[in-house]
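Engineer: Okay, structure incoming, though there's no sequence with it:
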């Protein structure tokens, strides 16, 4: 059978691919924002001297870094809802439960990686930087905002970009709980058209394009940081 890519990228199938791509991007963006906000909170807690709080953060990071993301997705979708009140379960089901639970699971999981990336970036800064800032009369908050955090983010940027790409690729796991993302619609199109090679090539190109785009944006940010700190 001759290759025919037009049969999977035009008409209703083309629209399915567009819709699936939009859901994939929405899921990736939502999970990234949740992960980054939570990661910053985790880093702040790790900087405290409260042993209990630090221990809880370590346990959180260890769990999410060692349990497969797919298991975490299934835990959130199948297990955790059974612990919720029935009224809350019904409310969630009325507002796209598959998408919400996928976003939550991916965001919580990725927060563990982002927090370690940022913490490593901060640890790479010499102690003298903070001491010099304080010697100039800066408060702790001002020193962190104006001196320490910018350098820490610059140090952590390569790792954060790599894990951002990983997060984007991991959105494909959401198909197992029924999220109609790019992977889900690709399988649906393949089942309807029997164009297996063409369907998965289109999905492959889509994931490759956005992954390379993220890496390119990361490279631009890295060069911008280098120019700023080279002055």
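Structural biologist: In hand now; what should we look at? Every value quoted in this text rests on a predicted model; they were computed, and no experiment measured them. Residues are numbered from 1 along each chain as shown.

Engineer: Where do the helices of this protein begin and end?
Structural biologist: 6-9, 11-46, 51-66, 69-74, 86-93, 97-123, 127-135, 140-143, 149-170, 182-193, 196-230 (DSSP state H).

Engineer: Those helices into a markdown table, with extra columns for distance to residue 80 and mean pLDDT?
Structural biologist: For the C-beta atoms, the positions are set from N, CA and C on the backbone; glycine is no exception. Below are the helices of the chain laid out as a markdown table (distance: least, C-beta to C-beta, whole Å; pLDDT from 0 to 100):
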| stretch | distance to residue 80 | mean pLDDT |
| --- | --- | --- |
| helix 6-9 | 36 | 88 |
| helix 11-46 | 16 | 94 |
| helix 51-66 | 14 | 95 |
| helix 69-74 | 10 | 96 |
| helix 86-93 | 10 | 86 |
| helix 97-123 | 8 | 94 |
| helix 127-135 | 41 | 72 |
| helix 140-143 | 37 | 70 |
| helix 149-170 | 19 | 90 |
| helix 182-193 | 22 | 95 |
| helix 196-230 | 28 | 88 |
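
Engineer: most neighbours per residue, which of those?
Structural biologist: Mean neighbour count, computed with mean count of other C-beta atoms under 10 Å, is highest for helix 97-123 among these, reaching a mean of 21.

Engineer: Mind giving me the packing neighbours of that one?
Structural biologist: On a contact count with 3 or more C-beta pairs under 8 Å, 6 or more residues apart in numbering; DSSP states H and E, helix 97-123 meets helix 11-46, helix 51-66, helix 69-74, helix 149-170.

Engineer: and residue 199, which of those helices is closest to it?
Structural biologist: Residue 199 lies closest to helix 11-46 among the helices and strands packed on helix 97-123, at 8.6 Å (C-beta to C-beta).

Engineer: Could you give the separation of the closest one from the chain centroid?
Structural biologist: Centroid separation for helix 11-46 versus its chain: 6 Å, with C-alpha atoms, centre = their mean, to the nearest Å.

Engineer: same question, stretch 4-23
Structural biologist: That offset, for stretch 4-23, works out to 25 Å (C-alpha atoms, centre = their mean).

Engineer: what's the answer for stretch 166-175, then?
Structural biologist: Using C-alpha atoms, centre = their mean, the offset of stretch 166-175 from its chain centre is 9 Å.

Engineer: got a list of contacts for that stretch?
Structural biologist: With C-beta atoms under 8 Å, 6 or more residues apart in numbering as the test, stretch 166-175 has contacts from 24, 27-28, 31-32, 35, 69-70, 73, 98-99, 102, 106, 109-110, 113, 181-184, 187, 207, 210-211, 214.

Engineer: That stretch: end-to-end distance?
Structural biologist: 16 Å (C-alpha to C-alpha, to the nearest Å).

Engineer: same deal with stretch 135-151?
Structural biologist: 18 Å.

Engineer: what separates it from the chain centre, distance-wise?
Structural biologist: Counting by C-alpha atoms, centre = their mean, stretch 135-151 comes out at 28 Å from the chain centroid.
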